[in-house]
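[1] From the sequence below, what's the structure:
(2 chains)
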Amino acid sequence: MTEDTFGLCCALLHLTESFCPIPIRFFLLNAGQCILKQVRFKITLLLFCFPLFAIGQIADATLLPQVEVKVKGLRSDFAGTRSEQWSKDELSAHTTLANLLQEESGIFIKSYGLGGSATVATRGGSAGHTAVLWNGLPIQSPMLGLLDFSLMPTAFIDNAEIQYGGNSAAWGSGAIGGVISLNNQVEKDKTFMTFQTSVGSFGQLGLNLKSQYQIGKWKGSTRLFHKQAENDFTYQFRKNLPIVTQTNAALEQKGLLQEFYWTPKANQELIIRFWGQQTDRELPPTAVQTRSLASQKDESLRGSVHWKSVSEKMVWQMRSGIFRESIHYNDPERLTDALSFFWSALGEVEGEYYINKNQQLLIGLSHSWTYADIENYSTPPQQNRSALFASFKQNIKNWTFQLNSRLELVDNQLIPTAPSLGFQGKLTNWLIIQGKVSNNYRLPTFNDLYWNPGGNIDLLPESGWSEELGISTQFKGKKKNNFSYSITGFNRNIRNWIYWSPSAGQMFWSPKNLAEVWSRGIEQRANWDTNFKKLNLQISGGYDYVLSTNQKKITTPNIEAGEQLWYVPTHQAFGKIALNFKNTKIIYRQHFTGSVRTPNFNILKSYHIGNLTTSYAFKQKQWSSQLSFTIKNIWDTNYHVIEYRPMPGRNYELIFSIKI
Amino acid sequence: MKQFFTILTLIFSAYFLQAQTTSTFEDFNLPVDSFLNGSDGSGGYTNGNVFLPNEFTDAGSYSFWSGWSISTTTDVTTPGFSNEFSAITGGGFDGSTHYVTSYISGNSIINLEGPAKGGSVVGLYITNATYSFLSMQDGDSFAKKFGGIDGNDPDFLLLTIKASLDGQVSTDSVNFYLADFRDADNSNDYIIENWTFVDLSSLGDVDELVFTMSGSDLGQFGLNTPSYFCIDNVTTNDNGPTSSIDFAAKFELSVYPNPTTDFLIVAWNQNVGTAQITDLKGQILATQFLQKGKNTLLVGDLQKGAYFIQIQTEEGFSTQKFIKQ
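    The predicted model follows:
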């Protein structure tokens, strides 16, 4: 560590009067639990209160107004990482994040059907192996270790990004298969209002409102959304079987996202966000269940404060958030009524120092506190996590190298250091090579640790090394005639993979570090964007080949060595053809999901799903509007993502939006 | 003279009938809709000559048990785990209030005690628990409806009972299908919903009965169907360890013709004994004194169906099934 770095850390941390004398290198080189325990309270205090402190501190720094506030930092732009991004327009073509990822990414969405929950499997990982960040703050449930992507409305996201591969060094627990970032930002127009309404098959009705306004150095954005659906689609489970109407599948969802952006100077920004959402949904029966009367209410309240300041050589970012989420499950037929909820408070501060044009250094601290309760916990557990993370980037001619590292304490237990090293280089003007090696981990969830009975506080984190190497090429022709192609191979070994299972002589299930899983695969992406006079044509697609196998035989669950994990398709492909002519746009999307194994020793067949969207934009001086019509599952494919969970056939959606 | 033989036969039979004990579990005197699930720390329950082990874990707001629980619960409509103690019959055998529910975790074991230990077991009544019955009938979010979507899946839930003697588990077993949808003709599919007598005499000498469950709705974590069932009226023999099989061989016993229409011949080499004919529920229909050689039992008055004939002496007994046509 250089003296500059040390000075930076001290400047950052001197807000607690006694902290500065403790050398920051102590954290990196010799992080003793007892010392950290003493200072944890102060760190916590610092991080939760940082925006107020930070304004005072950084306002005194030398500031260069011409520097853009929007900078993608070292954490979010790790060298050697393959990523995919979606803009607001691209997001708006889909109702939920689950739909987007299913149709336009290599992530497998484990969907329980219309309105049902949806979790992800990235590069053959489990649902908890994908970190999800909302403006840089992790939002997975600490109880389940995952996020239900069916609850994430695209109307509340302005851009989304997947970074494939592990990066626990930057983002901590869960960043094994990939990191999904969901971000909000103000639009260029100062003041406007948009209104969008949609109507679709199976009683689907949607309403989105967004208003953005500006008063002086304050900008505000208010979004409301409401969605309801009966989801009473008909299905024929197999040929020659009677046609059945799905029951108990209605859904109602409403949410509010309020944002305030304060820009006191051109290079400083304070953002305050509040996201409240409620989803009431009925839980439909499986195809081998006579009926279901079960329902579930998901509520989430998320508040965050984000401060960013950019000077000539420094970018300071500080984030804090307080989240509360609850799930209320009710099944009157089975006399079951269970409420679970958690509170979490997170704070982090990071400083990114541009040493020179070829070197960048980032150091950050984070702390989180989580509290959760459900009847199955003997006493409501709490967890404190403190982390120190650092990143260093070095450019050497056409090559970039980046080293990330992280030291994390979880309730006084030190998690082994998780480093990652990435590189990217230009072999020729048109050929780029990139790769990374990383050590990643997923901490046991609250349910893993504290569920009564069965919870196992002796569980070790799932952890292991990942490696990947890829090449990409891009050709830019005249008149926007662009072609790009990339191919990436990855390899990952995770040990201490946690499974819940019954044990001999035990009446209940409990989690154990049972499995070792070897995941490897090849991902390819291609994109061609060209113009024929006034017609714009874009063709893009991807194909992923993933083997994710258990490496040692397990008795319970009964898994053979070399067996592919269940609900991990070996083959996935997706493609999109978009035609844009004047104000008319036609987009056809198709994705292919290969066959998957189920935990019941069955195989679900592979399937193709096609969606066709036609939209027309009306543009006037004072307002603009768009009308779009989508035919989903246009080939009326009879398919199943989860065993015995019916999926809808061909269905339709009409969306009208207007912006004033 | 005829009266004399009748009286003699009844006295003789009464002697041998006392050599059997039936555990009805009514002695627990529980109020209706209650249960004993081991939370009393007893580790199990004794009734008659059987001991029913119970393993109980107190986990605060939740408790878990396996093995056997004494129950008088009557709920035949509520699906799910919250109704885990009820039998689908809504009560015990023959209108009684008490019965026993088992949750099999690996296996459930009945220990024979006192004079029954090491002897053979006549049999017991079995039915489905409400939890497993409704799960098989309607499915739930974890387990499938039996028969599957179109009713044609060859599903089954099988209870296997084996004998254990001196720590050696027998290879022979008695199989009892709690549900059986394997027949190509779906009208023959069934889920047991009445108390059904299961004859265990063929297992021979026993000091433990070992119950295991298997089924068609199987996943990598094991059986998806709830592994519950209920028993009542466990009848044991208290005559020592001579098994039914040994008995038949030793006394050169043969019973024929089978099936029969009018009579059964019981041939053996013993001088004194009785033959007792019961229906499948254990109801005694006729008792007859046996002599050495061939004995003829008239069964022409019996309705068509299956019956048991039990040959008893001081040294043991043998039970055989026969069909009246």
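[2] Show me which helix or strand of chain B is least confident by mean pLDDT.
    helix B:2-17 (a mean of 47; mean pLDDT, DSSP states H and E).
[3] tell me the SS of residue 119?
    Since no chain was named, I'll use chain A. Counting by DSSP: H, G, I helix; E, B strand; the rest coil, the backbone at residue A:119 sits in strand.
[4] Hmm, no, I was thinking of chain B.
    Residue B:119 ends up coil, using three-state DSSP.
[5] thinking again about what came up before, ok, then the element right after the least confident helix or strand of chain B?
    strand B:20-23 (DSSP states H and E).
[6] partner strands of that next one, parallel or antiparallel?
    strand B:228-237 (antiparallel) (DSSP bridges).
[7] For the residue of chain A most remote from its centre, give its distance to chain B.
    In chain A, counting by C-alpha atoms, centre = their mean, residue A:240 sits farthest out from the average C-alpha position, at 40.7 Å. As judged by C-beta to the nearest C-beta, to the nearest Å, residue A:240 and chain B stand 8 Å apart. For glycine as for every other residue, the C-beta is placed from the backbone atoms N, C-alpha and C.
[8] For the stretch 551-660 of chain A, just list every one of the strands.
    A:571-581, A:584-593, A:596-597, A:603-604, A:607-619, A:624-632, A:651-659 (DSSP state E, counting those that start in this stretch).
[9] Pull out the buried residues from the first one.
    Going back to what we said before, that points to strand A:571-581. A:572-580 (16 or more other C-beta atoms under 10 Å in any protein chain shown).
[10] Now that strand: average pLDDT?
    Mean pLDDT, strand A:571-581: 96.
[11] which strands and helices sit next to that strand?
    helix A:97-104, strand A:535-550, strand A:584-593 (3 or more C-beta pairs under 8 Å, 6 or more residues apart in numbering or on different chains; DSSP states H and E).
[12] next one: that strand to chain centre, how far?
    On the basis of C-alpha atoms, centre = their mean, to the nearest Å, strand A:571-581 sits 22 Å off its chain's mean C-alpha point.
[13] Show me the contact partners of it.
    Strand A:571-581 is contacted by residues A:103-106, A:108, A:534-546, A:585-594, A:606 when judged by C-beta atoms under 8 Å, 6 or more residues apart in numbering or on different chains.
[14] one more time with 6 Å
    Outside strand A:571-581, the residues that touch it by C-beta atoms under 6 Å, 6 or more residues apart in numbering or on different chains are A:106, A:535-544, A:586-594.
[15] and residue A:561, what is it in contact with?
    A:552-553.
[16] what's the distance between it and residue A:476?
    48 Å (C-beta to C-beta, to the nearest Å).
[17] Which ones, among the contacts of strand A:571-581, also lie beside chain B?
    Among those, no residue sits close to chain B (C-beta under 6 Å from any C-beta of the partner chain).
[18] of these, buried ones?
    Buried among the contacts of strand A:571-581 (16+ other C-beta under 10 Å): A:106, A:536, A:538, A:540-544, A:587-594.
[19] among the residues you listed, which two are most distant?
    Pairwise distances across the buried ones among the contacts of strand A:571-581 (C-beta to C-beta) peak at 31.9 Å, for the pair A:536 and A:594.
[20] Report the central residue of chain B.
    Of the residues in chain B (compared using C-alpha atoms, centre = their mean), residue B:124 is nearest the centre, at 2.4 Å.
[21] Assign that residue to helix, strand or coil.
    strand.
[22] Quick check: the closest residue to it other than its chain neighbours vs chain A, distance?
    Excluding the flanking residues, the one nearest residue B:124 by C-beta to C-beta, 6 or more residues apart in numbering or on different chains is residue B:234, at 4.2 Å. Using C-beta to the nearest C-beta, residue B:234 is found at 23 Å from chain A.
[23] do residue B:121 as well
    25 Å.
[24] how about that residue, what does it touch?
    B:200, B:206, B:236.
[25] Give me the pLDDT value at the residue nearest to the first one when sequence neighbours are not counted.
    This points to residue B:200. Leaving aside its sequence neighbours, residue B:200 sits nearest to residue B:121 (C-beta to C-beta, 6+ apart; 4.3 Å). At residue B:121, the predicted lDDT confidence score is 92.
[26] So what pairs up with residue B:121 in the strands?
    residue B:236.
[27] can you list the residues of chain A near chain B?
    Of all the residues in chain A, those lying near chain B are A:237, A:241, A:287-290, A:334-335, A:375, A:378, A:452-453, A:504, A:507-508, A:557-558, A:599-600, going by C-beta under 6 Å from any C-beta.
[28] all helices of chain B, in order?
    Along chain B, counting by DSSP state H, helices occupy B:2-17, B:130-138, B:244-250.
[29] coming back round to it: make TSV out of the strands of the stretch 551-660 of chain A and add distance to residue B:182.
    Shown next, in TSV, are the strands of the stretch 551-660 of chain A (distance: least, C-beta to C-beta, whole Å):
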stretch	distance to residue B:182
strand A:571-581	36
strand A:584-593	33
strand A:596-597	25
strand A:603-604	22
strand A:607-619	31
strand A:624-632	40
strand A:651-659	38
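[30] rewinding a little: distance of the residue nearest to residue B:124 from residue A:463?
    Relative to residue A:463, and taking C-beta to C-beta, residue B:234 is found at 52 Å.
[31] now swap in residue A:582 and tell me
    Per C-beta to C-beta, residue A:582 is found 54 Å from residue A:463.
[32] again, but for residue A:357
    Using C-beta to C-beta, residue A:357 is found at 36 Å from residue A:463.
[33] before we move on, what about residue A:238?
    42 Å.
[34] same thing with residue A:94?
    From residue A:94 across to residue A:463, the span is 33 Å (C-beta to C-beta).
[35] Now do the strands in the stretch 51-200 of chain B.
    B:62-71, B:99-103, B:108-112, B:121-127, B:156-165, B:168-180, B:190-191, B:196-199.
[36] Identify each buried residue in the fifth one, please.
    Spelled out, that is strand B:156-165. So, applying 16+ other C-beta under 10 Å, buried residues of strand B:156-165: B:156-157, B:159, B:161-165.
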